[in-house]
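[1] pasting the structure only:
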Ligand SMILES: [Zn+2]
């Protein structure tokens, strides 16, 4: 078994991101995990659906909600930091933790000025430094 418990889910994100890229979308994939099980997954579909809200994270959350009725207390994985749009959706659905790869830049949900993922609703966001796996700081702005 792999020493990093997040790797299996991040690997799935990378697979989904590759599917998105092969369809001309931004290379973003996301999964929602509850008790070790993937309950929702998605990849970027904004261009093909002509809907700017169809980011990978939103697609994964909607998939999980459709299958389970809720994402509460789940962990969301994404190969890219959720943007502020996705971060609001994450907050709304009371997802407990977020694990991401690269920072997405000034529209990322962890940017302090937007203050979206720092409320008590996202209980473990700041309390769980382990959520920042595969953090490629070389791509972080500034
Ligand atoms: Zn987004």
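    Happy to help now that I have it. These figures come from a predicted structure and were not determined experimentally.
[2] Contact distance from the ion - what residues of the chain qualify?
    55, 83, 85-86 (CB under 5 Å from the ion). For every residue, glycine as well, the C-beta is placed using N, CA and C.
[3] can you pick the most crowded of those?
    Greatest neighbour count in the residues of the chain next to the ion, by other CB atoms under 10 Å, goes to residue 86: 30 neighbours.
[4] Surely that one is within a helix?
    Yes - counting by DSSP: H, G, I helix; E, B strand; the rest coil, residue 86 is found in a helix.
[5] residues near the closest residue to it other than its chain neighbours, how many?
    Of all residues not flanking residue 86 in the chain, residue 57 sits nearest, at 3.9 Å (CB to CB, 6 or more residues apart in numbering). If you count neighbours by other CB under 10 Å, residue 57 ends up with 34.
[6] for residue 57, what are its contacts?
    Applying CB atoms under 8 Å, 6 or more residues apart in numbering to residue 57 gives the contacts 28, 30, 42, 76, 78, 82, 86, 89-90.
[7] could you pull out the strands for the chain?
    All strands of the chain, identified by DSSP state E, fall at 29-34, 37-43, 75-80, 97-102.
[8] Format those strands as a markdown table; extra columns: distance to residue 20.
    Below are those laid out as a markdown table (distance: least, CB to CB, whole Å):
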| stretch | distance to residue 20 |
| --- | --- |
| strand 29-34 | 6 |
| strand 37-43 | 4 |
| strand 75-80 | 10 |
| strand 97-102 | 14 |
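[9] Run through the protein and note the low-pLDDT ranges.
    Along the chain, the model assigns pLDDT under 70 to residues 1-3, 112, 115, 118-142.
[10] hey, where'd the helices end up in it?
    7-22, 46-49, 56-68, 84-92 (DSSP state H).
[11] Nearest to residue 113 among those would be which one?
    helix 84-92 (9.8 Å; CB to CB).
[12] and the direction of the closest one versus that of strand 75-80, what angle?
    170 degrees (axes from the mean of the first three to the mean of the last three CA atoms, to 10 degrees).
[13] tell me what helix 84-92 is packed against?
    Judged by 3 or more CB pairs under 8 Å, 6 or more residues apart in numbering; DSSP states H and E, helix 84-92 is in contact with helix 56-68.
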